[in-house]
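Asks: mind looking at a prediction? Sequence and model below.
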Amino acid sequence: MSYLKSQPYLPAEGTEFCDYMERVINGVTDLQREGRVPGDEGVDGLVALWRVVTRQVRADINAAGPASTRQITTTIPMTAAEFQQSSSMFETFYQLLRILEMRGAIDLRRSEGVTRVVMAVYNGTII
């Protein structure tokens, strides 16, 4: 099995990331129920992956101690092909979410800490 190993990030930023992702995942789920976001295999797979990433980041934060000031990394089961596919899907899906944000349907604003963890995962390495 291949894994995606994130770049280092601080546990406090990871906590912000998890809280943000849980809010966005719940928002997307609500939008799917309303029929404003497709409930297809691609979106469902992307949301499922977001849940896996969020759970693993949360587990790694808890293992390190949320108040720790030492950087941590997160390792997520994922092949290079899965990473490519999810990245491509996200690029398309994010544009839809931005349109929905402009219409007041979802809030995508995030802190700098959230952005750093997103980039730590996105710039991770397949091992």
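Replies: Perfect, thanks for sending it. Numbering: from 1, shown residues only.

Asks: can you pull out the low-pLDDT segments for the protein?
Replies: Of all residues in the chain, none has pLDDT under 70.

Asks: mind listing the strands for it?
Replies: For the chain, strands defined by DSSP state E occupy the ranges 3-5, 75-77, 125-126.

Asks: for Gly104, find the nearest of the ones you listed.
Replies: Smallest distance to Gly104 across the strands of the chain (Cβ to Cβ): 32.2 Å, for strand 75-77. The C-beta positions use only the backbone N, C-alpha and C, and glycine is treated the same way.

Asks: returning to what we had before: please produce TSV containing the strands of the chain, extended by distance to Gly27 and mean neighbour count.
Replies: Listed next are the strands of the chain as TSV, based on distance: least, Cβ to Cβ, whole Å; neighbours: other Cβ atoms under 10 Å:
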stretch	distance to Gly27	mean neighbour count
strand 3-5	24	17
strand 75-77	22	15
strand 125-126	29	12
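
Asks: centroid residue for the protein?
Replies: Trp50 (4.5 Å; Cα atoms, centre = their mean).

Asks: show me the contacts for it.
Replies: Trp50 is in contact with 21, 24-25, counting by Cβ atoms under 8 Å, 6 or more residues apart in numbering.

Asks: now with 10 Å?
Replies: By Cβ atoms under 10 Å, 6 or more residues apart in numbering, the residues touching Trp50 are 21-22, 24-25, 28, 86, 90.

Asks: now the two most distant members of those residues.
Replies: Largest pairwise distance in the contacts of Trp50, by Cβ to Cβ, is 18.2 Å, between Glu22 and Ser86.

Asks: higher neighbour count, these two?
Replies: Neighbour count, other Cβ atoms under 10 Å: between Glu22 and Ser86, Ser86 has more, with 20 against 14.

Asks: and the nearest residue to the more buried one once chain neighbours are set aside, how close does it get to Ile25?
Replies: Leaving aside its sequence neighbours, Ser86 sits nearest to Leu49 (Cβ to Cβ, 6 or more residues apart in numbering; 5.3 Å). Per Cβ to Cβ, to the nearest Å, Leu49 is found 11 Å from Ile25.
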